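**Q** Quick one, fold the following:
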Amino acid sequence: MDYDWRGWLKTQKVYASRGYVSLVGWLVTLGTFSFVVYDDLVEVFPFLLGIFPNAFIFVLVVFPIGLGILTRLGKWDWKKGTFPKEGETAFLNNPEWIRMMIILRAICEKVGIDFDSLFE
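**A** Okay, the predicted model is just below:
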């Protein structure tokens with residue numbers, strides 16, 4: 001039995017590229033934002049140099065706060081923001097979904113089940 005190493009290699013490449021883009025993009029964005037904000041804050045409020053003598057300490061303090069805020073924003077978007085609407089629109093405009101619903105409605109009519117009660 002031959003092992004499909006080419007298929008496995010392609011799969012690993014896709015996983016690695018998606019992970020790389022996500023992780024590196026996130027880290028670069030966080031680093032750039034943190035250092036730019038640190039420089040601007042120290043320039044405007046010089047007393048912050050006493051609290052944050054270097055940018056590394058600033059990043060260690062800002063990171064957990066920013067992560068908490070981003071997590072809450074992501075949860076809000078997932079539950080009540082635009083995400084449910086985008087997913088619903090894409091789902092309902094999918095021709096395969098429409099075809100499956102037509103078939104399901106026909107099956108429900110044949111067996112005597114109220115189609116609309118399935119989705120309440």
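
**Q** Can you give me the neighbour number for Thr71?
**A** Per other Cβ atoms under 10 Å, the neighbour tally for Thr71 reads 10. C-betas here are computed from N, CA, C, even on glycine.

**Q** should've said Trp8
**A** Count around Trp8 with other Cβ under 10 Å applied: 10.

**Q** separation between the spatially most central residue of the chain and Gly31?
**A** Among the residues of the chain, the one closest to the centroid is Gly74, at 7.4 Å (Cα atoms, centre = their mean). To Gly31, Gly74 is 20 Å away according to Cβ to Cβ, to the nearest Å.

**Q** what do you get for Gly81?
**A** From Gly81 over to Gly31 (counting by Cβ to Cβ), the distance is 27 Å.

**Q** Thr89 now?
**A** 35 Å.

**Q** Repeat that for Trp8.
**A** Counting by Cβ to Cβ, the gap from Trp8 to Gly31 is 33 Å.

**Q** just Lys110 next, same as before
**A** 61 Å.
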